[in-house]
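Novice: below is the sequence, then the predicted model.
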Amino acid sequence: MLAYLACFILVLLSQHPGPATCGAPKELVGNLGGSVTFPLKLPGIQIDTIVWTFNTTPLVTIEPKMPDRQANVIVTHSRNKERVKFLQGNYSLKLSKLSKNDSGDYRMVIYSSSLKDSFSQEYRLRVYEHLSKPKVTMGLQNNENGTCLTNLTCFMDQGGEDVTYSWESLGQAANESHNGSILPISWRLGERDTIFICLVRNPISSNSSNPIFAWTLCEGAAADSESSMILASLGVLLLIIAFALMPVLLIMQREKRKESIEERKGMDTHQEIPNYYPPSGETPVYDTITCVDKTIPEENPEKTLYFSVQIPQKMEEPHSTPISPDTPTLFTYEIVN
């Protein structure tokens, strides 16, 4: 404010005709949706009228309070009535609910009967939005002998006015920084992984991108080496599996052979038992009995039938008493139901 008063005194002492402007425009910044104050320090003289303009368009006209009148404020556009306020005592302009259209040149002009000419002060306002997270794209990739060469480009979808870009590289022996939206990188397979972060700033805010890892960008450079390592690992794994399965297969084969022998022993068999060997010259008669159940059933007297069967003698022994053919021989048969 001291500089402003000094400037105003010089204007009072100046003999140059026409409106006088004090110095270069004052630079002001505001954030989207926020507010900004245009500073004004009134000198200790009688002021008749204060006029604020925006890009040569009248914005507000102020008639300060005088002994014969009340203070009067005239706002040109109705949409600005709720946005325009003045600080009590010095009439500094406060403009709220800023939009991008509020960026531009403002001018304050003081008219006083004590001055030969009017006095003015200029302002330049820039309205910025808070920066969102920047995005990063990768350019064409060149892979040679396991080395990845590419460019990273950082950009903003919106609010890209007066934005400065810089990069930070983390994970190297000494962390490095780089200015500009484009970052050239070179990364060799086997080196320590590097993290890249894009930083963006404007006059009211700053933000950074998600961290980007070099190995994710340079997967193509490591493809050949990784594929050979994968094939070798698969070969070793297959050998291990083969050696592990070999005893299992041998045991399974042995068990299968054992089960086959047991099944063969447990199969039903048919036996042919001759009941009688007739003498020479007679036709032998065989009775075939199927041995399904080896358990001999108990004899049931009620179901047992006894009868006599005459069977010729197989051969006669010398010096033995001849047996009468009419002598019956008893055989017992059991009828099994």
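Specialist: Noted; the coordinates are in hand.

Novice: what is the neighbour count of residue 206?
Specialist: 12 (other CB atoms under 10 Å). In short, each C-beta sits where N, CA and C put it, glycine included.

Novice: that one: which element?
Specialist: strand 205-208 (DSSP states H and E).

Novice: cool, residue 245 as well?
Specialist: helix 223-265.

Novice: for that helix, give the mean pLDDT please.
Specialist: Averaging pLDDT along helix 223-265 yields 70.

Novice: could you do stretch 49-61 as well?
Specialist: Mean predicted lDDT for stretch 49-61 stands at 92.

Novice: with just CA atoms, put it into CSV.
Specialist: Output of stretch 49-61 as CSV, limited to C-alpha atoms (Å, rounded to 0.1, in the frame of the first residue of the first chain):
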residue,chain,number,x,y,z
THR,A,49,-16.9,8.8,-8.0
ILE,A,50,-15.1,5.5,-8.4
VAL,A,51,-15.6,3.5,-11.5
TRP,A,52,-14.6,-0.1,-12.1
THR,A,53,-14.5,-1.5,-15.6
PHE,A,54,-13.8,-5.0,-17.0
ASN,A,55,-12.2,-5.1,-20.4
THR,A,56,-13.5,-1.6,-21.1
THR,A,57,-17.1,-2.6,-20.0
PRO,A,58,-18.5,-0.7,-17.0
LEU,A,59,-18.8,-3.1,-14.0
VAL,A,60,-19.5,-1.0,-10.9
THR,A,61,-19.9,2.7,-10.2
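
Novice: sorry, back to before: tell me the buried residues in the strand holding residue 206?
Specialist: Of all the residues in strand 205-208, those buried under the rule 16 or more other CB atoms under 10 Å are 207-208.

Novice: does anything pack onto it? Which helices or strands?
Specialist: Contacts defined by 3 or more CB pairs under 8 Å, 6 or more residues apart in numbering; DSSP states H and E place strand 205-208 against strand 195-202.

Novice: pairing partners for the strand it packs on, with directions?
Specialist: strand 164-170 (antiparallel), strand 205-208 (antiparallel), strand 212-213 (antiparallel) (DSSP bridges).

Novice: figure out which of the ones you listed is closest to residue 127.
Specialist: Closest of these to residue 127 is strand 205-208, at 12.4 Å (criterion: CB to CB).

Novice: can you pull out the helices in the stretch 1-150 of the chain?
Specialist: 2-13 (DSSP state H, counting those that start in this stretch).

Novice: show me where it has strands.
Specialist: 20-21, 26-31, 36-38, 49-54, 57-63, 72-75, 84-86, 93-95, 104-111, 119-128, 135-138, 142-144, 147-155 (DSSP state E, counting those that start in this stretch).

Novice: give me the angle between the last one and strand 164-170.
Specialist: Compare the direction of strand 147-155 with that of strand 164-170 by axes from the mean of the first three to the mean of the last three CA atoms, to 10 degrees and you get 140 degrees.

Novice: what's near enough to touch the nearest residue to residue 170 once chain neighbours are set aside?
Specialist: Using CB to CB, 6 or more residues apart in numbering and skipping residues adjacent in sequence, the residue nearest residue 170 is residue 195, 4.3 Å away. By CB atoms under 8 Å, 6 or more residues apart in numbering, the contact list for residue 195 reads 169-171, 211-214.

Novice: filter the residues you listed down to the buried ones, PyMOL style.
Specialist: Remark: buried members of these, expressed as a PyMOL selection using 16+ other CB under 10 Å:
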select buried, resi 169+212+214
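
Novice: tally of neighbours for residue 260?
Specialist: Neighbour number of residue 260 under other CB under 10 Å is 9.

Novice: before we move on, back to that, where is pLDDT lowest across the contacts of residue 195?
Specialist: Minimum pLDDT across those is recorded for residue 171, with 77.

Novice: so how far is residue 193 from it?
Specialist: Look at residue 171 and residue 193: by CB to CB, to the nearest Å, they are 6 Å apart.

Novice: show the pLDDT at the residue nearest to residue 170.
Specialist: pLDDT, read off for residue 195, is 91.

Novice: likewise for residue 125?
Specialist: 96.

Novice: burial measure for residue 93, as a count.
Specialist: 21.

Novice: what's stretch 100-109 in contact with?
Specialist: Counting by CB under 8 Å, 6+ apart, 19, 25, 30, 32, 38, 40, 50-55, 59, 93, 95, 118-127, 129 sit against stretch 100-109.

Novice: show me what contacts residue 30?
Specialist: For residue 30, counting by CB under 8 Å, 6+ apart, the contacting residues are 36, 95, 98, 102, 125-128, 204.

Novice: same question, residue 136
Specialist: Applying CB under 8 Å, 6+ apart, the residues contacting residue 136 are 152-155, 196, 198, 209-210, 212.
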